[in-house]
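Structure of the sequence below:
(2 chains)
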Number of protein chains: 2
Amino acid sequence: MTPGEISLQCPIPAGSPSHITMAHGSGGRFSADLLRHVFLPAFYNPVLAALEDQATVEFGASRMAFSTDAFVVNPLFFPGGDIGKLAICGTVNDLAVGGAKPLYISAAFIIEEGLPISDLQRIAGSMQLACKDAGVILVAGDTKVVDRGKGDKLFIATSGIGRVPDGLVLSIAAARPGDRVVVSGTIGDHGIAIMSVREGIQFETELESDCASLAGLTEDMLRACPSIRCMRDPTRGGVASALNELAGASKSGIKIREESIPVRDEVRSACEILGLDPLYVANEGKLIAVVPKEDTENLLTAMRQHSLGKNAAVIGEIVHEHPGIVTMKSVAGGERVVTMLAGEQLPRIC
Amino acid sequence: MTPGEISLQCPIPAGSPSHITMAHGSGGRFSADLLRHVFLPAFYNPVLAALEDQATVEFGASRMAFSTDAFVVNPLFFPGGDIGKLAICGTVNDLAVGGAKPLYISAAFIIEEGLPISDLQRIAGSMQLACKDAGVILVAGDTKVVDRGKGDKLFIATSGIGRVPDGLVLSIAAARPGDRVVVSGTIGDHGIAIMSVREGIQFETELESDCASLAGLTEDMLRACPSIRCMRDPTRGGVASALNELAGASKSGIKIREESIPVRDEVRSACEILGLDPLYVANEGKLIAVVPKEDTENLLTAMRQHSLGKNAAVIGEIVHEHPGIVTMKSVAGGERVVTMLAGEQLPRIC
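Prediction:
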């Protein structure tokens, strides 16, 4: 029986939705279900099954990282960026957190009839600036147009190729008890910047998306601290979902401390107004790293010298207890389980 | 001034549309305008400017082909295939016509809320069979969901990576006067299969899309005939648009003979009913090759031994006269200019 045949016969588990819902795009539990029940049975191979942010494969005598993402963010333009900048940074970051040096990018544009060409020019210009900043070249592209009402202005799918240095192996399965969990800066900025535009929330100072290329930061981190176990960029589903994936893959527990997690005051206030938890809000220029305890200070020093890592902080550690489960000690002192995002929280955030 | 800045300042030429129209997705003249006025000024680099079906770049000590395509075909399922098979074959073929051996594929899914998950399973199964057939592995993916009415069931963007054999250089700029133009089989099958579903046209025998991976055929062709100048797969915009791109890039003229072009009777009849010219109708499992005159028979023999090349035929030649222009001698004896597709002919054909 071929994998293709398996997929045709794989039943949708009882109680699961039979049709796609917005929650399937959340980056949380429903997205994971879709992967487990549809895509993995169809395409099963060890590279895909590793569930890293990027595929690492052999190419000639070298190792290559390869990644893809579709971007459907609404609105197209938001404080701190636009769909084009997001599409470049998002794919660059998936390569960078795998330890790869990003080199080449492709972009496929799905445009709704009626989009002003000047918007497309502005977005293409912004993509090129993001490419320059990340040190990548956009070498391949495609454009399709769909009828009015059959798309939503513009969707962009980018793919990226990077080179993985010889000998470097990062894996979310590699985290070990005792390791420290580090975050590169304040969390939730991207999601709240988008939601504030959608919901019309005003801040005293404009809150911007953190959308940025992490390739320079990851290069500095790996140079200073080659013992890093893995890195992950907590986009859709936020830090909570990324940590749950990490706990699952490494079969370890993770304990984090709420008071250690950097959150901007504006983000905290907006989360209270909107009924959101910053742990589940998307980031587009932040990363989580797992590092052996003894190398933590060394890593933090290197991160804080980079403009994108100046608020880097240890937020928790990998533990023997409760394998696969993430817990958080709250500011008030209690400890609670931090589950993966369930349902839809912030649709079309990236 | 950076390329990014240039793009922001590049005015839309007077008389051009200021908003995206369906014609911008046709693969014809309007698509070329969009490339020239928006994407090339923004992203200018020699690889992109070569306007091949795939980018060829250095990777370590090897040469890599990289390509991307978005698929928005309507309907999702059609005789001979579905959007999933199309997405794999389309990207594989862009690599194959560059002489590359396709290796890895990524797929990004943009799903409209409400799509039956069973449709997604069927499409994923069909993609996996197409991957197996083409000898590629799908190693990276992404899924996004958009609200009902903001998409159209499913769009898929695929990217592909292939290895270009050492020493092989194919280029649409390499065609020289005297060279022959070969097509691998009957033209227009894909476009007419899609249109027949949309328009409810019945044939005595079901007309199927030619959607297929050309990787095996191109491998056989290059083994038998290493002197091939270039290959191209005539998808959107059809054979006419592909030949015009070839004439433009090689600064040569092309003369084709209508009577030599293989067209199925059903396709010819449907084209008459629908008011279409088969030269502009999309193909998804055909290629055009340019080959030195003296190697033509050798190439045809190799092609005809492959199931996807058994109707291969010489359809014309490269000439000194009228550089950049394609002409056709009709069955009736007259000669006319074959221009690039202008306006929209068959929207959302791939």
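
okay, CA-based contacts and neighbour counts for the rest of this
Fine.

Was I right to think A:I156 contacts A:I110?
Yes - in this structure A:I156 lies within contact range of A:I110 using C-alpha atoms under 8 Å: 6.2 Å.

Give me the contacts around the longest helix along chain A.
Using DSSP state H to assign secondary structure, the helix with the most residues in chain A is helix A:117-134. By C-alpha atoms under 8 Å, 6 or more residues apart in numbering or on different chains, the list of residues contacting helix A:117-134 from outside reads A:82-85, A:87-89, A:92, A:102, A:137-138, A:212-216, B:3-5, B:7-8, B:18-20, B:38-39, B:42-43.

My guess is A:A70 contacts B:K144. True?
Yes - if you go by C-alpha under 8 Å, A:A70 and B:K144 touch, sitting 6.6 Å apart.

mind listing what A:I137 touches?
With contacts defined as C-alpha under 8 Å, 6+ apart, the neighbours of A:I137 are A:L103, A:Y104, A:I105, A:C131, B:N45.

How many residues are close by the third one?
A:I105 sits with 27 neighbouring residues when counted by other C-alpha atoms under 10 Å in any protein chain shown.

Next: A:G324.
Each residue near A:G324 was counted by other C-alpha under 10 Å, and the total is 18.

Okay, it and A:V291: tell me how far apart.
To A:V291, A:G324 is 18 Å away according to C-alpha to C-alpha, to the nearest Å.

got it, and A:M22?
Summarising the geometry, the distance separating A:M22 from A:V291, computed by C-alpha to C-alpha, is 35 Å.

Between these two, tell me which one has more neighbours.
More neighbours surround A:V291 than the other of A:M22 and A:V291, with 28 against 23 (other C-alpha under 10 Å).

for the more buried one, phi and psi?
Note on A:V291: backbone dihedrals following degrees, to the nearest 10 are phi -140, psi 140.

residues touching it, list them.
With C-alpha under 8 Å, 6+ apart as the criterion, the residues that contact A:V291 are A:A175, A:D179, A:R180, A:V181, A:V182, A:S227, A:I228, A:R229, A:C230.

what does A:M64 give?
Under the criterion of C-alpha under 8 Å, 6+ apart, the contact partners of A:M64 comprise A:A55, A:T56, A:V57, A:E58, A:A100, A:I161, A:G162, A:R163, A:V164.

List only buried entries from those.
Burial by neighbour count, 16 or more other C-alpha atoms under 10 Å in any protein chain shown: within the contacts of A:M64 this picks out A:A55, A:T56, A:V57, A:A100, A:I161, A:G162, A:R163, A:V164.

just checking, A:R348 touches A:N74?
Yes - taking contact to mean C-alpha under 8 Å, the distance of 5.9 Å between A:R348 and A:N74 places them in contact.

what's the overlap in contacts for the two?
Counting by C-alpha under 8 Å, 6+ apart, no residue touches both A:R348 and A:N74.

Can you give the contact residues for stretch A:340-350?
Looking at stretch A:340-350 with C-alpha under 8 Å, 6+ apart, the contacting residues turn out to be A:22-30, A:71-74, A:83, A:86, A:191, A:194-195, A:236-237, A:240-241, A:244, A:276, A:280-282, B:144-146.
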